[in-house]
Each structure stands twice: as structure tokens, then as C-alpha cells.
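In: need the 3D shape of this:
(chains A, B, C and D)
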2 protein chains.
Amino acid sequence: MTAVDLPDLRRELLFTALRGVEGSSSLAFTIFQEIAVGIVEGRLPPGHEVNSAELARRFSTSRTPVREALLLLERESLVIIPPRRRPYVSPVDMAQVREIYEIRASLYALVSELLVARASDAEIFGLRRWQGLLSADASAGDVDAYFWHNVGFRNAEASLSKNGELQRRLSSLGLQMHRFRHLSLSLPGRLLHSVADHERLVNAYADRDAAMAAAVSRSLVMRGYRAIERAGGV
Amino acid sequence: MTAVDLPDLRRELLFTALRGVEGSSSLAFTIFQEIAVGIVEGRLPPGHEVNSAELARRFSTSRTPVREALLLLERESLVIIPPRRRPYVSPVDMAQVREIYEIRASLYALVSELLVARASDAEIFGLRRWQGLLSADASAGDVDAYFWHNVGFRNAEASLSKNGELQRRLSSLGLQMHRFRHLSLSLPGRLLHSVADHERLVNAYADRDAAMAAAVSRSLVMRGYRAIERAGGV
DNA sequence: GAAGTGGCTAGTGTCGACAGTTAGCGACAG
DNA sequence: CTGTCGCTAACTGTCGACACTAGCCACTTC
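Out: Okay, here's the model as predicted:
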């Protein structure tokens, strides 16, 4: 948790809740992760065509596992597979960004409600640890560390909702979101705002104030969206 | 829309929003649909093992498209594919039912909010048509017709939210839900309750009362859950 | 008689090959 | 020079085959 810049941690944070949904072959899942990381980090830009034969060569397997990986990617809406044509990295337009943020805001509001009802005091206290990391990162102005600790905080929240389906669904949305995350956080002043919101959120948890927690949670997400919007979209 | 018992209509209502996410091959999608219908209608009970070789024979194809279909089914959480073992129809336990209903309630509340903000008067009026069908079915005591018209109503609502991602996600949840739907509606008195709720909902839409609409929508879903719970679960 | 061990069978995961289709390119006509 | 047509190469979707694994049954051993 201290060394946030390890690729391993990143990957773990990204895919935890998706493991187990990996389809039968773990070979396919490996390829899936590899490509997914490439996409969310922008190395494979929208519209970039992915060639199953070439991938097969690169991972030195046959095309069958690659195809499965591509199907997994399609399920996460990271690639589009037109019939009989080359799959390509899905585009991100502003409308879709809005759609995803809307859903995310609602689901995190739900997480907050459930968390208030179901998490123990100790578990809620555990969130303060993440919060501490966040404010430290914000003071240090370390945007990247802040981002990954934020993901950790979010994952922790989701797991405390004690709703596995919800957790999995949020994880899937998160994967999409990571594609435009940099737009949301790197704006000046944004980090401090965000820290204040997190503080209010954890306080609401500690007070067992479900309505407040839900409201803060929702506004926290939507604030991120509005930041992107103001920044001029994707 | 009049003949609700046509398998075609059912299938269309079930899968509309999922088309386009079908993976590359439409052959796989056909097989996927076939099996999915079998599962949600209970012909393939939880725990039932599905054999890819046998399926390949039945659809007279090779195992490749069948495997893809199984992956699609897994993505909808309808089957579980343990590594190197036979895939089987996923079990439904009460905890998962609760989880899904919780998510569903939140997302339909969101649908209602968005709908109030974005749907035209004419579109909202269109919902009254479905509502009319629903009350007619309820009076006639036709549970089956009621159910499918209800699905239609829900799809219409989702589409009026003008959020494609949301629509797709709800459709995916819906597929799961259909597995225990009969428990929710066939209870005495349930239909009339439900009709009254739908009326309140559409009225809230017409009044452009987002908060009210969201609240009714949420309670409408959770009422369904509580009905199952009272009935003693799955 | 119970428990452990070995072979057998069914079925998955993976592979390489093939046919059909599509995009891209060049030749050709206008 | 531009638009159209046909060809070619590349790539997808599908297939049948193979190796390997899991689970089962008979057999041996205590």
C-alpha cells in the first residue's frame, strides 16, 4: 500500500473484482489483462485495430485464447467486434462518459447506504487509513499516488457494501472510467476539494448517517464528471 | 404487443438491449439465446451440467461457437465455468437475489430521474399505453401477460432515460431476474398493488416530479423483492 | 470390510488449417 | 485527374484433431 507505483498493485486494483469471471481459461484472462491495461493507459488509442493473428504471435499461443480474450474485452466495452471485421479499441465520446458517470454516481450512493447499514465500526475505521493516504498525497501534490489510493478507497467501500454483484459491476464500470481518469484529477484545486469530500463521507459513515453518506458519495462522483466537462471533454 | 405469449416477443424483450454486445459471431449468439431462455424459464435447473460437445452436436456446429456462447452465458452469470471442468447452470441463492434487487432498485430510481428530465411529453404519454395493458391484465388475472407487459414497460422506461449504458446494464440484470420472477408476481394481491404503483409512477412522470418518481420506482422494485422474501425465498 | 492405488473414460483447453469475406490497392474508363 | 471496378492479400469465423486433466471404477492391500 505504500508503493503505489508498482504495476502489480495497479493491476490488482483494477481487476480484483473481475477475477473469477474470467471464463474458463486463465491464459485468455492473462491476455485480456494485458490488452486492457494497454487500453486504459492509452497506449492503445481508440480506433486502434487489434489483430488476433498478431496477438497470437505476440503471446505465442494460438488464436483461440486470443479470441476469448477479445470477447472478454468486448464485455467490458473496451473493444468493439464488428462481425467479420477487425476488432478495434472502442472510442470514448463525451456522451458515454456522462452515461457512465451517471450510473456510477447512483451505484456509489447505493454503496454508501448499504455500508452504513452493514459495515462494522472497525471496518469504517479502516477507511480512515485510506483517507489519510489521500490527504497526504494531496498535500504532496502527487496526483498519480492520489489516483491509485482513491481506487483503493473505492474498492474498500464497495467491498463493505457486502454486495458482491454490486462490487463486480462497479469494477467493470471502473475499468471503463480509467480511460479518462487523468482528465478528472489533474485539474488544479481538484485534489483538495476531493479530500474534503472524502472527509465528509467518512464522517457520515461514522455517524451512521445513510442519507448524508449517499448524497456526498453521489456528489463526489458527479464532481469528477463536471471537472472533465469543464476541462473540455475527452 | 397484443399477443404476449409469442416466444418471439419474449425473446425480443429479453435480449434487445444485449444485441450488439453479442460478440463477433452471430452463431454463438443464437446458441447463447437458446440456452439462456432454457435457463431463465427453468427448463435447465441450477446445477444442471452443460456439455459443450453435446451442444455442438445439437446445434450441429463445432465446439468453438458453443464455447463462445458459454462465455457469454458466464458473463450474464447464468452459468459457471470452473477451470477444466464441466460448466453448469449457476445456482440462485437468496443472498444473490437480494443483491440484484438492491442494484435494480437504485438503477431504476436513476432511470426515473433521468426520464423526468429528458423524456418528452409524448414519450411519457406512450408509457400510459403499457400501463393500460398492465391494468387490463391485472383485472383479467392474467399473470403471464402481466409479466411480459411489465417487461415491456420497464424496457420503455429504460430507453427513455436516454442512457444506453444504463439500458444495457439493466437488461443484463433483467436476464438474471427472470429466473425467479414467477415467485414475485404470482402471489395473491400482488398484481393490484403493482398496478397502483405503476399509476403513481406515470403520474409522477407527467408531473415532472423527479424525486417522487425515483422514490416510487425504487419502492416498486423493492416491493417485488419483499414479495419473494415473504414467499419463503427461492 | 475399508482404504488406497492404478488405469480408463469423458470432456475441456488448445492448436493448426481452411473457407469465406472484407479492406485496400491498382488498373482502367470517363 | 477522378471515380469505378476487379483483384489480391489479409484476416475472421469455423472446423476437426490432439494432449491433458478430472473423476470414476475395479483392483489390490491391509
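
In: so the residue lying closest to A:Asn51 once chain neighbours are set aside: helix, strand or coil?
Out: Leaving out its chain neighbours, the residue that sits closest to A:Asn51 by Cβ to Cβ, 6 or more residues apart in numbering or on different chains is A:Arg86, at 6.5 Å. The way it works is simple: take the backbone N, C-alpha and C, and place the C-beta from them, glycine included. Judged by DSSP: H, G, I helix; E, B strand; the rest coil, the three-state class of A:Arg86 is coil.

In: wouldn't A:Arg86 be in contact with A:Val50 here?
Out: Yes. A:Arg86 is within contact range of A:Val50, at 7.3 Å (criterion: Cβ atoms under 8 Å).

In: and the two? which has more neighbours close in?
Out: Comparing A:Arg86 with A:Val50 by neighbour count (other Cβ atoms under 10 Å in any protein chain shown), the higher total belongs to A:Val50, at 21 against 10.

In: is it true that the more buried one touches A:Ile35?
Out: Yes. Assessed by Cβ under 8 Å, A:Val50 is found in contact with A:Ile35 at 6.9 Å.

In: which residues are in contact with each of these two?
Out: A:44, A:79 (Cβ atoms under 8 Å, 6 or more residues apart in numbering or on different chains).

In: list the contacts for A:Glu165?
Out: Per Cβ under 8 Å, 6+ apart, neighbours of A:Glu165: B:96, B:99-100, B:103.

In: in helices only, show me the residues you listed.
Out: B:96, B:99-100, B:103 (DSSP state H).

In: contacts with DNA strand D among the residues you listed, please.
Out: Contacts with DNA strand D within those, counted by Cβ under 7 Å from any atom of the strand: none were found.

In: want to throw those into TSV with distance to A:Arg226, pLDDT and neighbour count?
Out: Listed next are the ones in helices among the contacts of A:Glu165 as TSV, based on distance: Cβ to Cβ, whole Å; pLDDT from 0 to 100; neighbours: other Cβ atoms under 10 Å in any protein chain shown:
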residue	distance to A:Arg226	pLDDT	neighbour count
B:Gln96	35	91	18
B:Glu99	30	96	22
B:Ile100	31	95	24
B:Ile103	25	98	23
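
In: quick one: pLDDT of A:Pro7?
Out: Per-residue pLDDT puts A:Pro7 at 61.

In: for the residue sitting nearest the centre point of chain A, helix, strand, or coil?
Out: In chain A, the residue lying closest to the centroid (Cα atoms, centre = their mean) is A:Gly174, at 2.6 Å. What three-state DSSP gives for A:Gly174 is helix.

In: was I right to think it contacts A:Val151?
Out: Yes. With contact defined as Cβ under 8 Å, A:Gly174 counts as touching A:Val151 (7.3 Å).

In: what sits in contact with each of these two?
Out: Counting by Cβ under 8 Å, 6+ apart, the residues touching both A:Gly174 and A:Val151 are A:Leu14.

In: so A:Glu199 makes contact with A:Gln131?
Out: Yes. With contact defined as Cβ under 8 Å, A:Glu199 counts as touching A:Gln131 (6.6 Å).

In: more neighbours: those two, which one.
Out: The residue with more neighbours, out of A:Glu199 and A:Gln131, is A:Gln131; 18 against 15, by other Cβ under 10 Å.

In: tell me how many other residues crowd A:Leu134.
Out: 22.

In: so how far is the helix or strand harbouring it off the chain centroid?
Out: According to DSSP states H and E, A:Leu134 maps onto helix A:121-140. Put simply, helix A:121-140 sits 18 Å off its chain's centre (Cα atoms, centre = their mean, to the nearest Å).

In: what's near enough to touch A:Ala138?
Out: A:146, A:191-192, A:194-195.

In: so can I have a markdown table of the residues you listed showing pLDDT and distance to A:Glu54?
Out: Shown next, in a markdown table, are the contacts of A:Ala138 (pLDDT from 0 to 100; distance: Cβ to Cβ, whole Å):
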| residue | pLDDT | distance to A:Glu54 |
| --- | --- | --- |
| A:Tyr146 | 87 | 36 |
| A:Leu191 | 83 | 40 |
| A:Leu192 | 84 | 45 |
| A:Ser194 | 88 | 40 |
| A:Val195 | 92 | 44 |
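
In: biggest separation within these, which pair?
Out: Using Cβ to Cβ, the pair of those lying farthest apart is A:Tyr146 and A:Leu192, separated by 10.6 Å.

In: correct me, but A:Tyr146 touches A:Ser135?
Out: No. Using Cβ under 8 Å, A:Tyr146 makes no contact with A:Ser135, being 9.4 Å away.

In: when those two are compared, which one has more neighbours?
Out: A:Tyr146 (24 against 18).

In: host element of the more buried one?
Out: helix A:143-160.

In: got the angle between that helix and helix A:121-140?
Out: 170 degrees (axes from the mean of the first three to the mean of the last three Cα atoms, to 10 degrees).

In: may I have helix A:143-160 as PDB, with CA atoms only?
Out: Written as PDB, here are the backbone C-alpha positions of helix A:143-160 (Å, rounded to 0.1, in the frame of the first residue of the first chain):
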ATOM      1  CA  VAL A 143      -1.600  13.200  -8.500                       C
ATOM      2  CA  ASP A 144      -0.700   9.700  -9.500                       C
ATOM      3  CA  ALA A 145      -0.500   8.300  -6.000                       C
ATOM      4  CA  TYR A 146      -3.700  10.100  -5.200                       C
ATOM      5  CA  PHE A 147      -5.400   8.400  -8.000                       C
ATOM      6  CA  TRP A 148      -4.400   4.900  -7.100                       C
ATOM      7  CA  HIS A 149      -5.200   5.400  -3.400                       C
ATOM      8  CA  ASN A 150      -8.500   6.700  -4.500                       C
ATOM      9  CA  VAL A 151      -9.200   3.500  -6.400                       C
ATOM     10  CA  GLY A 152      -8.200   1.600  -3.300                       C
ATOM     11  CA  PHE A 153     -10.600   3.600  -1.200                       C
ATOM     12  CA  ARG A 154     -13.400   3.000  -3.700                       C
ATOM     13  CA  ASN A 155     -12.700  -0.700  -3.700                       C
ATOM     14  CA  ALA A 156     -12.800  -0.900   0.000                       C
ATOM     15  CA  GLU A 157     -16.100   1.000   0.100                       C
ATOM     16  CA  ALA A 158     -17.600  -1.400  -2.400                       C
ATOM     17  CA  SER A 159     -16.500  -4.400  -0.500                       C
ATOM     18  CA  LEU A 160     -18.000  -3.100   2.700                       C
END
